[in-house]
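> show me how the following folds:
(chains A, B, C and D)
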There are 2 protein chains.
Amino acid sequence: MEAKDSKKIFGWSGPAAGAAIFRIIKEIGPLSRTEIVKQTGLSKSTVSVHTKKLLEMGLIKKEKEKTDKAGSVGRNRQLLKFAKNNGYIIAIDLGATGLNVALCNLDAEIIEMKVSDILVNSGPKKVMNKIDQLIKELLESNQLEQKKIFGIGMGVPGPVEFSKGLPVSPPIMPGWHLSPLKQILQEKYKCPAFIDNDVNVMAVGEKHAGLAQDVSNFIFIKIGTGIGAGIICEDKLYRGSKGCAGDIGHIGIEGEEELCPCGNRGCLEIVAAGPAIAKKAKAAAKNRESEILLKILNKKGDLTAKDVGEAVRRNDLAAINIVKNSGQKIGQVASRLVNFYNPSLIIIGGGVAKIGNHLISAIKEEVLRRSTSLAVQDLRIELSQKNDEIAVIGAAAMAVNEIYSHDNVTEMMYLDGSSK
Amino acid sequence: MEAKDSKKIFGWSGPAAGAAIFRIIKEIGPLSRTEIVKQTGLSKSTVSVHTKKLLEMGLIKKEKEKTDKAGSVGRNRQLLKFAKNNGYIIAIDLGATGLNVALCNLDAEIIEMKVSDILVNSGPKKVMNKIDQLIKELLESNQLEQKKIFGIGMGVPGPVEFSKGLPVSPPIMPGWHLSPLKQILQEKYKCPAFIDNDVNVMAVGEKHAGLAQDVSNFIFIKIGTGIGAGIICEDKLYRGSKGCAGDIGHIGIEGEEELCPCGNRGCLEIVAAGPAIAKKAKAAAKNRESEILLKILNKKGDLTAKDVGEAVRRNDLAAINIVKNSGQKIGQVASRLVNFYNPSLIIIGGGVAKIGNHLISAIKEEVLRRSTSLAVQDLRIELSQKNDEIAVIGAAAMAVNEIYSHDNVTEMMYLDGSSK
DNA sequence: ACTAATTTGTTTGACTTTCGAACAAATATT
DNA sequence: AATATTTGTTCGAAAGTCAAACAAATTAGT
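Numbering: from 1, shown residues only, chains lettered A, B, ... in the order given. Here you go, the predicted structure:
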């Protein structure tokens, strides 16, 4: 069923009208047949034939209400839309200190999400067992058979060789190196599985259902324990030649000397990410620069970036300065990316993004100051609006994109009739 | 003849097998029909029919000698190749202080090149007249009628709105702002014309006929009067959302304070490009740090980056240090791009690239030191091998790519029979 | 030389996909 | 109820593709 290798290079995937019609319905639907004719340039008859087949196959469905029409007179149009509830996707967002597993529909909408606080460094065996358990719970509570799961998408906090679904030397995932996650999931659930870096997955999420839905070129920056970026280029995820594009956490900041576990000094993430903020806050507390921080430190015995966020919310000057300082450093790096990549949007997400507006305004200020005027002309810099779910949404969207790729749909429609 | 707007979004450009066959012949030809069958997955009959049509249309031709065959027995294969001499392209490379106009074939090979030292700041009228004159000379000396010119490609030293072919506020091209170059050329020569930034054009040249032919993701860095980069992403030129991607000359270098005409301080190009090298060389000469430089300065009354190159070749320590210093700064910026973009190749070109090996080795050293190990794992950094022609080649290749785009070829083959 | 085997490329007839035009359906206006 | 208008389907023709048969060119082996 797999196409020949050569096809991937100079592909001829068979007649493509059917797949084009499906794609347009999925992406800008609901649409009437007449509207599809206008959009694609195909003939009425072709659209009619293919929509009929797509309806039979269950890939699309009719909008229930016969809604408004275009003109004032004439027959009502019959809107067609993607059959997003025809199957389900399991989406997994594995973080350093937490695990989200969600049941999603085929439009990557979350139906139910399970949250666990398992640690990634407890190793793949334990974590994969937990995932297994959560999936079972999700299937049960929604009374779904396994065969209704069309695919699995997963984001992990480290570099991944995407095609094979293998983590490669992930710094914060000891024991996961080359663990065959894709294979494990595929064999257990008898469906395709796709694994990628968490930041990539989040970028895909923003493209699919977040702030970037109408944006072709943007950068998603995640600020958490580390700092990383996901790059969308001409509407598609860009992974780079070795799959490590967007690894901006280890860009050096001039004048910073702190040693990073990576071996270099002054890396962005070691001086500006969550732990750096916490560390500076502790110093500020001990130096009595901030009453609030000191109080929290004394009470809990430790300080986290979250606590700094709390202090910021209470207008603590020291905390605000710490956050601003991080923002400036991130903005410094971002400004260079803007000159080079000229995106029309930068989205800031990750745990530390919740720390308050001072972070993003410092980033903005720095980017506006340092980037060329043409590059910032239509640039927006915004906070992720679905920070807690975007990774799960993205993992599901990634799986859906792969499953309903143009070639796959062509194959479904023309080569055999038996969908799934 | 132009497709509807909507088609550009969810295009159905008609049956595509013919165009796929053409493309594979053009890009990895010469090929026999049997080899095309293997590569594309199409049937023998389809390939036979379409190659026949392509031959009739003159888009491809038979290899003259019946060459070697695959196995030891059996009929000889008939190799088919792109008919690269079926028409011609005019390629124009406009630089700050020079103008190259070349007659190229459809594979962007230079047939004859005219060089002029006209200054870009003498304005569009004068320059366009000169271009006109050179084209006329080229056509005459090669006894070509105008209708044999299938298209025109042009690179200019400043930002361009590609789709309209308009320079937008180009800093070193006073008087060219919004000058309708595309329109002028199209009307005068009755063929499509394409205008882009010179660095973009050079990147396309390296992809088509230079060091990057087999590379999908790379960056071309031009070091001359300014510094800019051309980005190839998944085999295609990436222009960014406002068309100014790759504008790395105005990335700030920490600790540098020199004021740039752009308004910021310490921009890469103001501290590391050709003029900066010349300026430092003058200072070194005056401070008697270098005998050689002083001698040249006294003789010519001025020093250029080229003179520094000469001094480097004569092992002048001061000159070498100046060059190394520039290389380090460029390498510092490049290392960040490597982390972010993860290319598999960086090509260094432009006038200053000729200054000798110290420049590129300094860049390499800096990138290897500062970038993550995964990102530099298979990274090559190389000097452009066709520095003087690559812009012209790229301008021609850009035009050819547009003229023979998949959709255009499909249209030629299926919609009417009349090519051109 | 002649035959067999092998590889390349073409032709043929059947099948599939697409289109244009005629037709059918649904709705507003008169 | 008749008419105009818009939406969607059906049908026969045209175009594109394929598998299989056929033709051509070449080597190897008698």
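
> can we go C-alpha only for contacts and neighbour counts from here?
OK.

> quick check: residues of the stretch 301-420 of chain A near chain B?
A:335-337, A:339-344, A:370-372, A:374-375, A:378 (CA under 8 Å from any CA of the partner chain).

> ok, the most centrally placed residue in chain A to residue A:93 distance?
When chain A is reduced to its mean C-alpha position, the closest residue under CA atoms, centre = their mean turns out to be residue A:202, at 1.8 Å. Here residue A:202 is placed at a distance of 10 Å from residue A:93 (CA to CA, to the nearest Å).

> overlap in contacts, these two.
Residues within reach of residue A:202 and of residue A:93 at once, by CA atoms under 8 Å, 6 or more residues apart in numbering or on different chains, are A:391, A:392, A:395.

> may I ask which of those residues has the most neighbours?
In terms of neighbour count, residue A:395 stands highest of the shared contacts of residue A:202 and residue A:93 at 34 neighbours, by other CA atoms under 10 Å in any protein chain shown.

> please name the residues that touch that residue.
A:91, A:92, A:93, A:152, A:153, A:154, A:155, A:201, A:202, A:204, A:205.

> that one: helix or strand, and which one exactly?
Assigned by DSSP states H and E, residue A:395 belongs to helix A:390-403.

> now do that helix, average pLDDT.
Here helix A:390-403 scores 97 as its mean pLDDT.

> pull out the buried positions in that helix.
By neighbour count with 16 or more other CA atoms under 10 Å in any protein chain shown, helix A:390-403 contains the buried residues A:390-400, A:402-403.

> and the gap between residue A:217 and residue A:231?
Distance, residue A:217 to residue A:231, using CA to CA: 8 Å.

> typed the wrong thing, it's residue A:238
Relative to residue A:231, and taking CA to CA, residue A:238 is found at 6 Å.

> if you count surrounding residues, which of those two has more?
Each of residue A:238 and residue A:231 has its neighbours counted (other CA under 10 Å); residue A:231 has more, 27 against 20.

> run a quick neighbour tally on the closest residue to the more buried one other than its chain neighbours.
Excluding the flanking residues, the one nearest residue A:231 by CA to CA, 6 or more residues apart in numbering or on different chains is residue A:219, at 4.8 Å. Other residues within reach of residue A:219, judged by other CA under 10 Å, total 27.

> how about the residue of the stretch 301-420 of chain A found nearest DNA strand C, secondary structure?
DNA strand C sits closest to residue A:414 of the stretch 301-420 of chain A, with a gap of 4.6 Å, by CA to the nearest atom of the strand. Secondary structure, DSSP: H, G, I helix; E, B strand; the rest coil: residue A:414 is helix.

> distance check, it against residue A:53.
10 Å.

> same question for residue A:294.
67 Å.

> just residue A:195 next, same as before
32 Å.

> please identify which of the two sits among more neighbours.
residue A:195 (27 against 16).

> which residue sits farthest out from the middle of chain A?
residue A:73 (43.9 Å).

> now that residue: how far from residue A:80?
20 Å.

> ok, residue A:404 next?
From residue A:404 to residue A:80 the distance is 17 Å (CA to CA).

> of these two, which one has the most company?
Using other CA under 10 Å as the criterion, residue A:404 and residue A:80 rank with residue A:80 on top: 22 against 18.

> return the distance of stretch A:314-331 from the chain's centre.
26 Å (CA atoms, centre = their mean, to the nearest Å).

> same check on stretch A:168-186?
19 Å.

> go on, stretch A:100-108?
The answer for stretch A:100-108 is 13 Å, by CA atoms, centre = their mean.

> what does the stretch 151-300 of chain A put close to chain B?
Checking the stretch 151-300 of chain A against chain B by CA under 8 Å from any CA, the hits are A:216-217, A:229, A:240-248, A:250-252, A:254, A:262, A:264.

> now the helices for the stretch 101-250 of chain A?
For the stretch 101-250 of chain A, helices defined by DSSP state H, counting those that start in this stretch occupy the ranges A:124-141, A:181-189, A:198-209.
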